[in-house]
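Participant: Sequence and computational prediction follow.
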Amino acid sequence: MPEAASRLQSFAEQLLGAPLPMRIRAWDGSQAGPPDAPALVVRNRRALRRLLWKPGELGLARAWVSGDLDIEGDFYAALDHLSGLVWEREEDARSLTEALREPGVRAAVRGLVRMAGLPIPPTPPREEVPRRRRRLHTKRTDKRAVSHHYDVGNDFYEVVLGPSMVYSCAYWEAGDGAAGLEDAQRDKLDLICRKLALTPGLRLLDVGCGWGSLAVHAAREYGVQVVGVTLSQEQAAYARKRVAEEGLADRVEIRVQDYRDVTDGPFDAVSSVGMAEHVGSEQYLLYARELYALLKPGGRLLNHQIARRPHTDEGAYSLDGFIDAYVFPDGELAPVGTTVTQLERAGFEVRDVESIREHYALTLRRWVANLEADWPLALRLTSPGRARVWRLYMAACALAFEHNRLGVNQVLAVRTPGSGASGMPLRARTWN
């Protein structure tokens, strides 16, 4: 009887209709495929059952998170191959349906079913968010989603993010990517403060303040009064401790509060960095209007947000299966043009859009390197499954930014008064 790896390779190539660009190493120790390619390690038959019960991305994710599948060799190269074989093909459901009509494909599926053993669906990993019918983006569901992502232990995030504790795209001021992550994150925080034209005595609202890095930087370096809001109890506790240690308690207030419940405006400036991805398309205009109402006339908004590429049929957009189940429940991405339009509909004058896509690829690779360098510690601080989720998520996103499947943009908008005096400099990108 052929070894398991050879059989898996044959089945995979029948299903794909093309040579498999990866090695396969199976549970019986057998290997097949190009010897110099990264290897997909199939540790047991349960991995096959996961793929058969949930074909495509979610089945692969469950097998990866549970440890039934692994990768040996160049992690990024392997994910690049899998992206072409699975994620990009999933975008064309019709071609998959047509492929299943072919006798060779049906034979391959039957062969995998025989190899998989007991026809019982494996239990999903405990890190997976149970899916149930509910209204999206209510205050209650948003709080639950944020807690799933952020309340996994501040010590774990310190391993991934490093001392800056900034969980958004860094900015390499020199443009060569040579600086360290901490310097690049400091430069990003400073860039935001300069775009917002912060000066001593102004009030800043930081929506989705995370662990307080921007709030502390703005208060310490620019002398502003800051209100930071987050839905994460763990983030708030960490941020308050940082504020106290910096001696900034008289200038920075950290709240566990939904942005929709902030009532003590107006503010001179609002920052929203890596938060709008949680808002959702149905709530986005409300989000923009709430921030507009919280600003003084002439006040500035800096909206820093991940963007996806537009679809020919925008109505067909759906949440990414792996990210929705394991990373950002209910998270939604929009094209940058949609974001700009919604901000304008809320009354803002959009004055600048800066794409920093390549910077996020660099940032994510640094985070992955941090996680891999302290892998044993990360496993002690969280579950092995969650550590595997974060490694896969960050590495796959790095590739998505590198290949222009995802972007990230800083949108600077003004609540321009009726006089038309925006307070902006005449020259673009001259931040005062």
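Facilitator: Cool, got the structure.
Participant: now for the helix or strand hosting I24, which elements pack on it?
Facilitator: Secondary structure assignment for I24, by DSSP states H and E: strand 23-25. Under the contact criterion of 3 or more Cβ pairs under 8 Å, 6 or more residues apart in numbering; DSSP states H and E, strand 23-25 touches helix 4-16, strand 31-32, strand 39-42. All C-beta atoms are positioned from the backbone trio N, CA, C, and that covers glycine.
Participant: Out of these, indicate the one that is most buried.
Facilitator: Among the helices and strands packed on strand 23-25, the stretch with the highest mean neighbour count (mean count of other Cβ atoms under 10 Å) is strand 39-42, at a mean of 22.
Participant: Do a quick rundown of the strands in the stretch 301-432 of the chain.
Facilitator: For the stretch 301-432 of the chain, the strands defined by DSSP state E, counting those that start in this stretch occupy 349-355, 406-414.
Participant: what comes into contact with the shortest one?
Facilitator: Applying Cβ atoms under 8 Å, 6 or more residues apart in numbering, the external contacts of strand 349-355 come out as 195, 336, 340, 343-344, 407-416, 422, 424, 428-429.
Participant: rerun that using 7 Å as the cut-off
Facilitator: 336, 340, 343-344, 407, 409-414, 416, 422, 424, 428 (Cβ atoms under 7 Å, 6 or more residues apart in numbering).
Participant: How far off centre is that strand?
Facilitator: 22 Å (Cα atoms, centre = their mean, to the nearest Å).
Participant: Tell me the buried residues in it?
Facilitator: V350, R351, D352, V353 (16 or more other Cβ atoms under 10 Å).
Participant: Helix or strand: which one has I254?
Facilitator: Assigning secondary structure by DSSP H and E places I254 in strand 252-256.
Participant: Distance to Y222 added to the buried residues of strand 349-355, as TSV?
Facilitator: Below are these laid out as TSV (distance: Cβ to Cβ, whole Å):
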residue	distance to Y222
V350	23
R351	20
D352	19
V353	23
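Participant: which one of the residues you listed is nearest E282?
Facilitator: Top of the list for closeness to E282, among these and by Cβ to Cβ, is V350 at 21.4 Å.
Participant: who does that closest one bridge with?
Facilitator: Beta bridges link V350 to A413, judged by DSSP bridges.
Participant: What pLDDT is listed against it?
Facilitator: Looking at V350, its pLDDT stands at 98.
Participant: what about it, distance to L205?
Facilitator: As defined by Cβ to Cβ, to the nearest Å, V350 lies at a distance of 19 Å from L205.
Participant: what about the strands of the stretch 301-432 of the chain, which gets the closest to R62?
Facilitator: Per Cβ to Cβ, nearest to R62 of these: strand 406-414, 23.0 Å.
Participant: between the helix or strand following the strand holding I254 and strand 406-414, how big is the angle?
Facilitator: Sequence-wise, the next helix or strand downstream of strand 252-256 (DSSP H and E) is strand 267-273. Calculated by axes from the mean of the first three to the mean of the last three Cα atoms, to 10 degrees, strand 267-273 forms an angle of 180 degrees with strand 406-414.
Participant: which outside residues touch the helix or strand that comes right after strand 267-273?
Facilitator: Next along the chain after strand 267-273, taking DSSP H and E as the criterion, comes helix 284-294. Outside helix 284-294, the residues that touch it by Cβ under 7 Å, 6+ apart are 205, 259-260, 262, 265-267, 270, 272, 276, 279, 301, 342-343, 345-348, 415.
Participant: if you set the cut-off to 6 Å instead, what comes out?
Facilitator: Helix 284-294 is contacted from outside by R260, G265, F267, V270, V279, L301, Q342, L343, A346, G347, R415, using Cβ atoms under 6 Å, 6 or more residues apart in numbering.
Participant: What is the nearest of these to T138?
Facilitator: For these, the nearest to T138 is R260 (10.1 Å; Cβ to Cβ).
Participant: Tell me who's in contact with that closest one.
Facilitator: For R260, counting by Cβ under 6 Å, 6+ apart, the contacting residues are E290.
Participant: What average pLDDT does the strand holding I24 get?
Facilitator: Strand 23-25 carries an average pLDDT of 95.
Participant: partners of it, with directions?
Facilitator: When DSSP bridges is applied, strand 23-25 pairs with strand 31-32 (antiparallel), strand 39-42 (parallel).
Participant: Nearest to M115 among the strands of the stretch 301-432 of the chain would be which one?
Facilitator: Checking those against M115 by Cβ to Cβ gives strand 406-414 as the closest, at 35.4 Å.
Participant: what helix or strand is M115 on?
Facilitator: helix 103-116.
Participant: and that helix, what does it pack onto?
Facilitator: The contact analysis (3 or more Cβ pairs under 6 Å, 6 or more residues apart in numbering; DSSP states H and E) places helix 103-116 against helix 4-16, helix 45-53.
Participant: List the contacts of whatever helix or strand comes next after the shortest one.
Facilitator: Just to be clear, that refers to helix 45-53. Following helix 45-53 in sequence order, the next helix or strand is helix 57-66 (DSSP H and E). Outside of helix 57-66, the residues within contact range by Cβ under 6 Å, 6+ apart are 47, 50-51, 69, 124-125, 127, 321-322, 385, 388-389, 392.
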